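have a look; sequence and predicted model below, questions after that.
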Amino acid sequence: MDREIHSAFMRRCLQLASLGRGHVSPNPMVGAVAVHEGRIIGEGYHRCYGKPHAEVNAIASVVDERLLTESTLYVSLEPCSHYGKTPPCAELIVAKHIPRVVVGCLDPFPAVSGRGIARLREAGVEVVTGVLEEECLALNRTFMTFQTHHRPFVTLKWAQSSDGYIDRLREPSEPAARISDDVSAVWVHRLRADVDAILVGTRTAVADNPSLTARLWPGRSPLRVVLDEHARVPAGARLFTDGLPTLLVTGEATDYPVLPPSVEVVRLPFGQTLIPALLDELYRRRLQHLLVEGGAALLQSFIDSGYWDEARVETGQMRLGEGVAAPILRQPSQRLEQCGRARIDWYENREKTTVCPANHSVGLK
């Protein structure tokens, strides 16, 4: 019975935590609920990076603070025990004499990683762990991957015709095949608003001249990252001239023309080591979630290298007959949904994800 009760309140923590999506990165999404005699007396979530954590907001929302000494605090992620952007939540829980804490999952961040729970138990607080653990881990899968694999969580995304092409054969001056409809276009922009960076290759940047923003969905637009080894993307491209931040990854010996201040140039070795080198660069910049949108060769490179975590493939009703073949995923999709007239297949990389060769730890929180 206790487990059922714990699960019910932990689900509320997860609901609250998800409200922070798109606002708390590079921190994790966390929700907390204070319960007294089976009744919620306070709740909160981490609203914005650098602002108070979920536990602080939940405790602050309790009208009669005296009830905390007889209450249980539910939190979806282990309370922190270190000073970062904010004071440690574990110390606040101890100071408020909360006798019991129920935790969804442990925090792999090195400055926490079991220390928060240890601090609570040292102070005599009863701690229950592992309630809805899989759901809590899944909510923060990007944060967990970043901490344990020392690289961003990688999502692959492309739209393909009903017969498996991502575009017609065309010149850069000719318009691309419009596979996405208005509904699925909004879905794409919502996905962009959830990530920290979006990556395209040279061919996509030249042929499509994209903006790569989340303008159709409320929220932030990600950092645009474009690969251009030999300075083929024209200086007048939208990615270089619209004033929004862009990271240009070019070859180590490439002489690029002067670009606006909004464009930062990074030189990396192209070839077989490019993907791990790029992911390590993004890791050092604390970018936790990378969306790879194209083109086909770049997407296939990520698939073949094993450096991907999930793929979302939109299949429209258009038939092209011939064109640029879509990337190949040699596994069944784990999930299917309808989006307007398009079908969205979700894939998960269930093989052991390749770890980026980074021997450093990035501080967060």
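That came through, no problem. Numbering: from 1, shown residues only.

for the rest of this, base every contact and every neighbour count on C-alpha atoms.
Noted.

which SS state does residue 108 fall under?
Here residue 108 is recorded as coil under DSSP: H, G, I helix; E, B strand; the rest coil.

correct me, but it touches residue 143?
No: using C-alpha atoms under 8 Å, residue 108 is not in contact with residue 143, being 9.1 Å away.

more neighbours: which of those two?
residue 143 (26 against 17; other C-alpha atoms under 10 Å).

just confirm that one is within a helix.
Yes: secondary structure of residue 143 (three-state DSSP): part of a helix.

residue nearest the middle of this structure, spatially speaking?
Taking C-alpha atoms, centre = their mean, the centroid of the chain lies closest to residue 289, which sits 3.6 Å from it.

would you agree that one is in contact with residue 192?
No: the pair residue 289 / residue 192 is not scored as a contact, 10.0 Å apart, by C-alpha under 8 Å.

alpha carbons only: can I get stretch 62-81 in CSV?
Extracted in CSV, the C-alpha atoms of stretch 62-81 (Å, rounded to 0.1, in the frame of the first residue of the first chain):
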residue,chain,number,x,y,z
VAL,A,62,3.4,25.4,2.5
VAL,A,63,1.1,27.8,4.3
ASP,A,64,1.5,26.3,7.8
GLU,A,65,5.2,25.5,8.0
ARG,A,66,4.7,23.7,11.4
LEU,A,67,3.2,20.8,9.5
LEU,A,68,6.5,20.1,7.8
THR,A,69,7.8,18.4,10.9
GLU,A,70,5.1,15.7,10.4
SER,A,71,5.3,15.5,6.6
THR,A,72,6.8,13.6,3.8
LEU,A,73,8.6,15.3,1.0
TYR,A,74,8.5,13.6,-2.4
VAL,A,75,11.1,14.7,-5.0
SER,A,76,11.7,13.2,-8.4
LEU,A,77,15.5,13.5,-8.2
GLU,A,78,17.9,13.2,-5.3
PRO,A,79,18.2,16.5,-3.4
CYS,A,80,21.5,18.3,-3.9
SER,A,81,24.0,18.6,-1.1
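
and that stretch, average pLDDT?
Stretch 62-81 carries an average pLDDT of 96.

now it, how far from the centre of its chain.
Stretch 62-81 sits 28 Å away from the centroid of its parent chain (C-alpha atoms, centre = their mean, to the nearest Å).

next: stretch 119-132.
Stretch 119-132 sits 28 Å away from the centroid of its parent chain (C-alpha atoms, centre = their mean).

kind regards, and thank you for your time.
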